[in-house]
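Peer 1: The amino acid sequence is not available; the structure is as follows:
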């Protein structure tokens, strides 16, 4: 039982000056923010550490030497217990889509909280039908039938089950470098050793080569759908891509050698998220989808990180590849931090579950539906997709210059506000930068007032995936902070 004496109150002054890295003496200031956070009044830091060690089943994150105690959020900003303000470029792992505590989302949730929190989807509740109609309108025909669930892992579990139930086949293909969840089934779809436990997970999963045009054996200067290409040389004639052809052949080899004549399906992210914004050669997914369909399989697009306009050019990532999946999964940004996820498919595939009962206790929860509906409204009303396109281009073009200036920046990639900086020890071999050096860089960036993530199999890729409410000033400030952190790293090493 928590004792009142364990509570602590901090009263702190507002400050926009950047701590750390000596930026204050250089006159660099954060962009202005009119929001005034409340004083911190909760458990002391040391007390929470003791509770964590005694009772928490989760490993505390090791992004920084001393874990952050975050206190409050507003739009793209977060505050810690001492009142320091941070520009959030990680969005709670790509989850805060329209901004922390967005006023319109908060207002909608508050209204619903006073009406009805939960019943069951065995009853009819207006917010459920209002939401699924609104969500269905964002997807092309025939993707119009929706199952609401609670997380991305759960959504991918259901998609896997749907593919096998509908086709009557068992084998599922996935890509190396993929992340599709941490449940026992979705872990089988995941191909990053960081997230794999040494236990049997889901049988019948076959990982194919990751078509990474920077780290893979093939890649060139025109491969990917991004404003920034790799620095690898390319002799392909217009309209052709040697790298794409080779990665397609690798996929075909797995189909010809490792599975039966029919498969249940193939799952992929339009851009790999946890692996560090890895993009495939243009045209790769289109050819792979055709091969899977030829084997009677279904194609599943995992839009957990790429959906809801984050890529800028399209509302859904699969649209940028000119493909039509049979099933789409989504989570994270769908609820702006509220536990909500969905599986969208065709009526024919959805009806496959009619062979037995399928039920989800919290799927279609009135609170979740209300929040999801408000998020969609904000995305459309505030033009967050267009903002992602414009600001993502601004940031990537600025970051691309780092490759010439810093020996450790091997690649800059992404689309919209989904960006990765691949840090290397050697640009020729593309050897990942030692983890301890990446940790130093991230520590300096945090101390300067910017939060971002890391990814890839070695956690050496800086992941930039902010709330889609940034300003041009925020982008320029973030680029300046990264530049200074990399400059400081160069001086140390």
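Peer 2: Okay, I see it. Everything numeric here is computed off the predicted structure, so don't read it as measured data.
Peer 1: Name the spans of the stretch 201-350 of the chain whose pLDDT lies under the cut-off.
Peer 2: The model of the stretch 201-350 of the chain has no residue with pLDDT under 70.
Peer 1: residue nearest the centroid of this protein?
Peer 2: residue 305 (3.4 Å; CA atoms, centre = their mean).
Peer 1: where does that residue land in three-state SS?
Peer 2: At residue 305 the chain is in coil, as set by DSSP: H, G, I helix; E, B strand; the rest coil.
Peer 1: cool, and residue 314?
Peer 2: Residue 314 - assigned by three-state DSSP - is coil.
Peer 1: Would you mind measuring from the closest residue to it other than its chain neighbours to residue 418?
Peer 2: Distances taken as CB to CB, 6 or more residues apart in numbering place residue 320 nearest to residue 314, at 5.0 Å, with adjacent residues excluded. Yep, even glycine has a C-beta here, placed from its N, CA and C like the rest. The gap separating residue 320 from residue 418 is 11 Å, by CB to CB, to the nearest Å.
Peer 1: and what of residue 296?
Peer 2: 32 Å.
Peer 1: And these two? Which one has more around it.
Peer 2: residue 418 (26 against 14; other CB atoms under 10 Å).
Peer 1: Surely that one and residue 304 touch.
Peer 2: No. Look at residue 418 against residue 304 with CB atoms under 8 Å: they stay out of range, at 11.7 Å.
Peer 1: Do you have the strands of the stretch 51-200 of the chain handy? List them.
Peer 2: With DSSP state E, counting those that start in this stretch as the criterion, the stretch 51-200 of the chain has strands at 70-74, 77-80, 85-88, 145-149, 172-175.
Peer 1: What strands flank the first one, and is each parallel or antiparallel?
Peer 2: The one in question is strand 70-74. Sheet pairing for strand 70-74, assigned by DSSP bridges, gives strand 77-80 (antiparallel).
Peer 1: And the fourth one, by the same measure?
Peer 2: In the sheet containing strand 145-149, its partner strands are strand 341-345 (antiparallel), by DSSP bridges.
Peer 1: which element follows the strand it pairs with toward the C-terminus?
Peer 2: helix 347-350 (DSSP states H and E).
Peer 1: where does the closest residue in space to residue 471 that isn't next to it in sequence land in three-state SS?
Peer 2: Nearest non-adjacent residue to residue 471, counting by CB to CB, 6+ apart: residue 31, 6.4 Å away. Here residue 31 is recorded as coil under three-state DSSP.
Peer 1: tell me the contacts of residue 31?
Peer 2: With contacts defined as CB atoms under 8 Å, 6 or more residues apart in numbering, residue 31 is in contact with 87, 471, 473-474, 477.
Peer 1: Distance to residue 342 added to these, as CSV?
Peer 2: Below are those laid out as CSV (distance: CB to CB, whole Å):
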residue, distance to residue 342
87, 30
471, 30
473, 34
474, 30
477, 34
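Peer 1: Highest neighbour count among these?
Peer 2: Counting neighbours by other CB under 10 Å, residue 87 comes out on top of those with 26 neighbours.
Peer 1: Chain neighbours aside, what residue packs nearest to that one?
Peer 2: Per CB to CB, 6+ apart, closest to residue 87 is residue 450, 4.9 Å.
Peer 1: and what of residue 232?
Peer 2: The shortest distance from residue 232 to any non-neighbouring residue, by CB to CB, 6+ apart, is to residue 219 (4.9 Å).
Peer 1: Now do the strands in the stretch 301-450 of the chain.
Peer 2: 327-330, 341-345, 409-415, 418-426, 431-432, 450-451.
Peer 1: Residue 175 is nearest to which of those?
Peer 2: Of all the strands of the stretch 301-450 of the chain, strand 327-330 sits nearest to residue 175, with 15.0 Å by CB to CB.
Peer 1: quick one: contacts for residue 101?
Peer 2: So residue 101 contacts 72-75 (CB under 8 Å, 6+ apart).
Peer 1: let's see 6 Å
Peer 2: Counting by CB atoms under 6 Å, 6 or more residues apart in numbering, residue 101 touches 73-74.
Peer 1: neighbours of the nearest residue to residue 324 once chain neighbours are set aside, just the number please.
Peer 2: In this structure, residue 324 finds its nearest non-sequential neighbour in residue 140, 7.1 Å apart by CB to CB, 6+ apart. Neighbourhood size, residue 140 [other CB under 10 Å]: 10.
Peer 1: Check the one 5 residues further on too.
Peer 2: Burial of residue 145, expressed as a neighbour count using other CB under 10 Å, amounts to 16.
Peer 1: do the same with residue 383
Peer 2: By other CB under 10 Å, the residues close to residue 383 number 14.
Peer 1: tell me which residues of the longest helix along the chain are tucked away?
Peer 2: Looking across the chain with DSSP state H, the single longest helix is helix 472-492. Residues 474-475, 477-486, 488-489 are the ones in helix 472-492 that count as buried (16 or more other CB atoms under 10 Å).
Peer 1: How about stretch 109-118?
Peer 2: Of the residues in stretch 109-118, 109, 112 count as buried by neighbour count, 16+ other CB under 10 Å.
Peer 1: Let me see the mean pLDDT of that stretch.
Peer 2: Averaging pLDDT along stretch 109-118 yields 96.
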